[in-house]
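Trainee: After the sequence you'll find the predicted model.
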Amino acid sequence: MFRLLLAALVLTLSTAPAPRLTIARLQYDGGGDWYANPSSIPNLLRAIRERTSFPVEAAEARVTLMDDRLWDYPFLHVTGHGNIKFSDAEVVRLREYLTRGGFLHVDDNYGIDESFRREIKRVFPDRELVDVPLSHPVYHVVYDFPKGIPKIHEHDGHPARGFGIFLGNRLAVYYSWESDLGNGWEDMGTYNDPPELHEAALRMGVNLFVYAITSRPAS
């Protein structure tokens, strides 16, 4: 299945401007620590490079929603513990980015749930965050997660859940809640996580990236 998706991606890129194959970390206002988990994205990019055929860059990008480089990056990552606040212009820009084929992964590092739900409602007032079905490709495209997103950190002790916003049949926003994938991607020893949780987090991250790239609509 992965080879078929990769072939589809090659066909798409032959007729569209090539995206930058890296993960763009979103720098946002509101006071939240958008820069949290500094080793997480480089570790995930290394895993993607080693485990797939995608020639991803070694370093993450850092962008704001109003940055002209935003359109170069098909995968936008948001994390932090505090408040997220978008301006009216940023709300419009994020809606355009997502409707044009961009993918947003928001990882609750414990503390952004309320503000993210508020801001994404401004972006898509007519759409709800819904549970991503366990049958969805994001849980199976490279690694199989029959029970959905893995639980990495306890937080409030709730089961980990993957919420999403769909634009047509495409999953455009994936919100990892009560999981903390970013902590799991960090260097071993940063937290007291066993190796199997670090591996599970990386595998889920690989799935997210591969799905985001292979589901991009043709221009």
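Mentor: Yep, it's here.
Trainee: Let me know whether Asn43 touches Glu199 as I believe.
Mentor: No: in this structure, Asn43 is not within contact of Glu199 by Cβ atoms under 8 Å, at 11.4 Å. The way it works is simple: take the backbone N, C-alpha and C, and place the C-beta from them, glycine included.
Trainee: Comparing the two, which shows the higher neighbour count?
Mentor: Set Asn43 next to Glu199 and count neighbours by other Cβ atoms under 10 Å: Asn43 wins out with 20 against 15.
Trainee: for that one, what are its contacts?
Mentor: Asn43 is in contact with 185-187, 202, counting by Cβ atoms under 8 Å, 6 or more residues apart in numbering.
Trainee: and the residues you listed, which of them are in helices?
Mentor: Mapping the contacts of Asn43 onto helices (DSSP state H) picks out 185, 202.
Trainee: Mind picking the two most distant members of the contacts of Asn43?
Mentor: Asp187 and Leu202 (11.9 Å; Cβ to Cβ).
Trainee: all strands of this structure, in order?
Mentor: 24-26, 61-63, 75-80, 103-108, 130-131, 161-167, 170-177 (DSSP state E).
Trainee: Between the ones you listed, which one is closest to Phe209.
Mentor: When these are compared by Cβ to Cβ, strand 75-80 sits nearest Phe209, at 5.9 Å.
Trainee: What helices and strands are in contact with that closest one?
Mentor: In terms of contacts (3 or more Cβ pairs under 8 Å, 6 or more residues apart in numbering; DSSP states H and E), strand 75-80 is packed against strand 24-26, strand 103-108, helix 195-214.
Trainee: Pipe the ones you listed into TSV and attach mean pLDDT and distance to Val91 per row.
Mentor: Listed next are the helices and strands packed on strand 75-80 as TSV, based on pLDDT from 0 to 100; distance: least, Cβ to Cβ, whole Å:
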stretch	mean pLDDT	distance to Val91
strand 24-26	98	13
strand 103-108	97	13
helix 195-214	97	21
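Trainee: So for Arg170, which of those sits nearest?
Mentor: For the helices and strands packed on strand 75-80, proximity to Arg170 was assessed by Cβ to Cβ; strand 103-108 is nearest, at 8.7 Å.
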